[in-house]
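Undergrad: next one to model:
(one chain, ligands or ions: 1)
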Amino acid sequence: MLYKTGVYYEMKILVINGPNMQLLGQREPDIYGSKSLADLETRLVKIAKEADYEVIFFQSNHEGDIVDHLGMADKTVDAVIINPAAYTHTSVAIRDAIKAINVPVVEVHLSNIAEREEFRHTSLTAPVCMGQICGFGLIGYEMAFNALKDFLTNK
Ligand code: DQA
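TA: A predicted model of the protein is given here:
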């Protein structure tokens with residue numbers, strides 16, 4: 001909780017997950033692990049509560065829906081954690097949407113995209129984010145949360 005212009009203000013972080021992330025836990029568990037998106041949400045809500053933060057979750061398989069949510073982020077939240085999933089490697093629209101907003105955005109990948117197929121080595125979105133965390137599984141979202149908390153507290 002931060003004190004801003006006379007009022008205590010609860011910080012809000014939007015967590016966006018892209019295509020096929022609804023299948024987490026069943027999908028290629030050797031790469032993405034056996035925990036589900038619901039497990040991730042439960043864990044993040046717990047650490048957020050401890051810090052007096054609110055986390056909001058959005059998962060979509062549709063590029064335009066992700067662009068819409070990013071476009072609203074300036075007015076609705078203080079920061080964004082995004083795993084654009086396959087759109088990381090293809091979406092100029094999501095890159096532009098991140099570039100267009102003023103709240104900090106951290107990109108997360110469960111797997112280490114640098115050690116996978118060549119086409120996953122390029123992220124169109126990472127260069128317009130505050131930073132990228134990859135290769136640590138679900139803990140990566142927690143790392144992103146802590147990085148954003150630190151940034152917002154010291155802003
Ligand atoms: C991913 C990596 C992407 O290359 C892939 O398309 C995904 C998941 C990850 O979290 O490791 O769907 O973003």
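Undergrad: what residues does the chain put near the ligand?
TA: Residues of the chain found near the ligand (CB under 6 Å from any ligand atom) are 20, 83, 85, 86, 88, 109, 110, 111, 113, 120. (Each C-beta comes from the backbone N, C-alpha and C, glycine too.)
Undergrad: surely the last one meets residue 126?
TA: No - Residue 120 is beyond contact range of residue 126, at 11.8 Å (criterion: CB atoms under 8 Å).
Undergrad: who has more neighbours, the two?
TA: Between residue 120 and residue 126, counting by other CB atoms under 10 Å, residue 126 is the more crowded of the two (20 against 17).
Undergrad: the closest residue to the more buried one other than its chain neighbours: what's it in contact with?
TA: Counting by CB to CB, 6 or more residues apart in numbering, residue 126 lies nearest to residue 132, which is 4.3 Å off, once chain neighbours are set aside. Listed by CB atoms under 8 Å, 6 or more residues apart in numbering, the contact set of residue 132 reads 106, 107, 108, 109, 123, 126.
Undergrad: let's go with 7 Å and repeat that
TA: By CB atoms under 7 Å, 6 or more residues apart in numbering, the residues touching residue 132 are 107, 123, 126.
Undergrad: then residue 51?
TA: Per CB under 7 Å, 6+ apart, neighbours of residue 51: residue 149.
Undergrad: next, it: phi, psi?
TA: Residue 51 has phi and psi values of phi -100, psi 10 when expressed as degrees, to the nearest 10.
Undergrad: in this structure, what spans have low per-residue confidence?
TA: Where the chain drops to pLDDT under 70, the residues are 1-9.
Undergrad: would you map the helices across it?
TA: With helices called from DSSP state H, the chain shows them at 29-32, 37-50, 63-76, 92-100, 139-153.
Undergrad: mind putting those into JSON lines with mean neighbour count and distance to residue 13?
TA: Formatted as JSON lines, the helices of the chain follow (neighbours: other CB atoms under 10 Å; distance: least, CB to CB, whole Å):
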{"stretch": "helix 29-32", "mean neighbour count": "12", "distance to residue 13": "22"}
{"stretch": "helix 37-50", "mean neighbour count": "15", "distance to residue 13": "7"}
{"stretch": "helix 63-76", "mean neighbour count": "16", "distance to residue 13": "10"}
{"stretch": "helix 92-100", "mean neighbour count": "17", "distance to residue 13": "15"}
{"stretch": "helix 139-153", "mean neighbour count": "18", "distance to residue 13": "6"}
